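Peer 1: Following is a predicted model, sequence given first.
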Amino acid sequence: MQNIALITGVTGQDGSYLSEFLLDKGYEVHGIIRRSSVDFRERIAHLEGTPNFHLHYADMSDSMSLVKLVGKVQPTEIYNLAAQSHVQVSFDAPEFTADVDAVGVLRILEAVRTNHLENTCRIYQASTSELYGKVEEVPQNENTPFHPYSPYAVAKLYGFWIVKEYREAYNMYCCSGILFNHESERRGETFVTRKITLAAARIAQGKQECLYLGNLDSLRDWGYAKDYVECMWLILQQEKPEDFVIATGVQHSVREFTELAFRHAGIELKFEGKDLEEKGICVSVTNPENEHLVGKTLVAVSEDFYRPTDVVNLWGDPTKAKAKLGWNPQSTSFEQLVQLMVEHDMAKVAADSVASKVRTNLAEYLEKGLVK
Ligand code: NAP
Ligand code: G4F
């Protein structure tokens, strides 16, 4: 029988890697997209036109669209990745976040039941380490109590519990992966890691003067997104549905991430001062053309990036995933992750700069009538 996957959030970081992973395994992959004024699906553009890859319009806030689509696709596996996934944004748009991240999960479960697929369709829910929030123990495992600490985390907590409820009430194969932060060169540009790697690349190439960040002391367990999507699949291949913590088991601060990212971009930083007065000052450079940066403040702290409540100590214990899924949490180290993101962004900034030069030259030539 053909495996048929339906992915919500297919245009996101994880959705794009998961699509590639499942297509490689021979799945027929269906993804949900939503209408936007710019049809720019950068992360999956390379997959469009692939015979087994299909996109459909629907929305997590529109039950009917989900019911109709699940009925049409008849998936054997659903990966519910769609979410308003930015924690800081959830303070500005809490109702939308609850609708998509909490009730959206219920809508997917009900769409499966409405189409009488409860016995044939397995469901993966993209749960999160944010559930541990104001943490009650370190490191965190499957038995650590939850203490959500943002509108996003509260919405995701509903998602976690409704999945557990449907598993017990209706005997459905549905489970949550409690994933700790995972990053990549496809990470959204306002999440802290990508914001840092892009800024390091821009500063190293003279395109930006300073990077402004919030809480530099915040600690995260950062892994590589490409490694994590394999776990989503493995979780759905177990005999019994169970929830799993997925993490590397290694913790670093935002400050450490910043230092390492700038080092890979050829800039050595030294941090001085405390809290809002803390600054990252350039102490040396590898590229002689950047000598003028030495002594300058390249990283500063801004209150704008502080959250009303912040989760500051995430550190996952992947023992269960290692033992039951046979997964290697260290296949990409923190150092490799930072390096691959910076290398990608150094190349991107350089390419953007060439493209913009070509555009400027072309505009100039057009204006002077040199090209038609
Ligand atoms: P992401 O890059 O922000 O992608 C989110 C996806 O959800 C996008 O495809 C987005 O579509 C879609 N979406 C948002 N609202 C929607 C709606 N109303 N209807 C349909 N689709 C909608 O997130 P990610 O990093 O890939 O994360 C995937 C999932 O894992 C999310 O649920 C996130 O909360 C969870 N998670 C992520 C991490 C992490 O570190 N990355 C850790 C734990 C859990 P558009 O492209 O149209 O905006
Ligand atoms: O990169 P972040 O925005 O990710 P956060 O809040 O941990 O959420 C991500 O991971 C979760 C898993 O734990 C997912 F569920 C969620 O969907 C998302 O993918 O922030 C990380 C830390 C925070 O403590 C934040 O306060 O970095 C701190 N930070 C410091 N300066 C900053 C900044 N975060 C952002 N986004 N921007 C800053 O300038």
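Peer 2: Arrived safely. Ligands and ions are numbered 1, 2, ... in the order given.
Peer 1: now the strands for the stretch 201-350 of the chain?
Peer 2: Assigned by DSSP state E, counting those that start in this stretch, the strands in the stretch 201-350 of the chain fall at 211-213, 219-220, 223-224, 244-246, 252-253, 267-272, 279-285, 297-301.
Peer 1: typo on my end, it should be the stretch 51-200 of the chain
Peer 2: Going by DSSP E, counting those that start in this stretch, the stretch 51-200 of the chain shows strands at 53-57, 77-80, 122-128, 174-179, 182-183.
Peer 1: In JSON lines, list the ones you listed along with mean neighbour count, mean pLDDT and distance to ligand 2.
Peer 2: In this view, the C-beta of every residue, glycine as well, is placed from N, C-alpha and C. Formatted as JSON lines, those follow (neighbours: other C-beta atoms under 10 Å; pLDDT from 0 to 100; distance: least, C-beta to the nearest ligand atom, whole Å):
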{"stretch": "strand 53-57", "mean neighbour count": "15", "mean pLDDT": "98", "distance to ligand 2": "23"}
{"stretch": "strand 77-80", "mean neighbour count": "26", "mean pLDDT": "99", "distance to ligand 2": "13"}
{"stretch": "strand 122-128", "mean neighbour count": "25", "mean pLDDT": "99", "distance to ligand 2": "3"}
{"stretch": "strand 174-179", "mean neighbour count": "25", "mean pLDDT": "98", "distance to ligand 2": "7"}
{"stretch": "strand 182-183", "mean neighbour count": "26", "mean pLDDT": "98", "distance to ligand 2": "8"}
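Peer 1: Distance to residue 366 for those strands - can I get that in JSON lines?
Peer 2: Shown next, in JSON lines, are those (distance: least, C-beta to C-beta, whole Å):
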{"stretch": "strand 53-57", "distance to residue 366": "36"}
{"stretch": "strand 77-80", "distance to residue 366": "47"}
{"stretch": "strand 122-128", "distance to residue 366": "47"}
{"stretch": "strand 174-179", "distance to residue 366": "49"}
{"stretch": "strand 182-183", "distance to residue 366": "41"}
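Peer 1: returning to what we had before: ok, which of the strands of the stretch 201-350 of the chain comes nearest residue 41?
Peer 2: Closest approach to residue 41 among those (C-beta to C-beta): strand 223-224, 22.0 Å.
Peer 1: quick one: average pLDDT of the closest one?
Peer 2: In this model, strand 223-224 carries a mean pLDDT of 98.
Peer 1: From the contact counts, what lies against that strand?
Peer 2: Judged by 3 or more C-beta pairs under 8 Å, 6 or more residues apart in numbering; DSSP states H and E, strand 223-224 is in contact with strand 182-183, helix 334-367.
Peer 1: ok so, going back, which one of the strands of the stretch 201-350 of the chain lies closest to residue 169?
Peer 2: Ranking these by proximity to residue 169 (C-beta to C-beta) places strand 244-246 first, at 21.2 Å.
Peer 1: ok, and does that closest one reach over to ligand 1?
Peer 2: No. Judged by C-beta under 6 Å from any ligand atom, strand 244-246 makes no contact with ligand 1; its nearest approach is 8.5 Å.
Peer 1: close enough to count as contact, residue 6 and residue 30?
Peer 2: Yes. Residue 6 lies in contact with residue 30 (C-beta atoms under 8 Å); the separation is 4.8 Å.
Peer 1: who has more neighbours, these two?
Peer 2: Neighbours were counted for residue 6 and for residue 30 using other C-beta atoms under 10 Å; residue 6 has more, 30 against 24.
Peer 1: secondary structure element for the more buried one?
Peer 2: Assessed by DSSP states H and E, residue 6 sits inside strand 4-8.
Peer 1: who touches the helix or strand following that strand?
Peer 2: Counting by DSSP H and E, the next helix or strand C-terminal to strand 4-8 is helix 13-24. Helix 13-24 is touched from outside by 3, 5, 7-10, 29, 31, 43-44, 47, 50, 52-53, 79, 81, 126, 182, 184, 186-188, 225-226, 228-230, 232-233, with contacts defined as C-beta atoms under 8 Å, 6 or more residues apart in numbering.
Peer 1: and the protein, which residues reach ligand 1?
Peer 2: For the chain, the residues in contact with ligand 1 (C-beta under 6 Å from any ligand atom) are 8-15, 32, 34, 36, 59-61, 81-85, 100, 126, 128, 179, 181-182, 188.
Peer 1: about what we covered before: okay, the helices and strands packed on strand 223-224, which one's buried deepest?
Peer 2: Stretch with highest mean neighbour count among the helices and strands packed on strand 223-224: strand 182-183 (a mean of 26; mean count of other C-beta atoms under 10 Å).
Peer 1: for that one, packing partners?
Peer 2: Under the contact criterion of 3+ C-beta pairs under 8 Å, 6+ apart, strand 182-183 touches strand 223-224, helix 225-236.
Peer 1: Show me what the last one is packed up against.
Peer 2: So that's helix 225-236. Where contact means 3+ C-beta pairs under 8 Å, 6+ apart, helix 225-236 is packed against helix 13-24, strand 122-128, strand 174-179, strand 182-183, strand 244-246.
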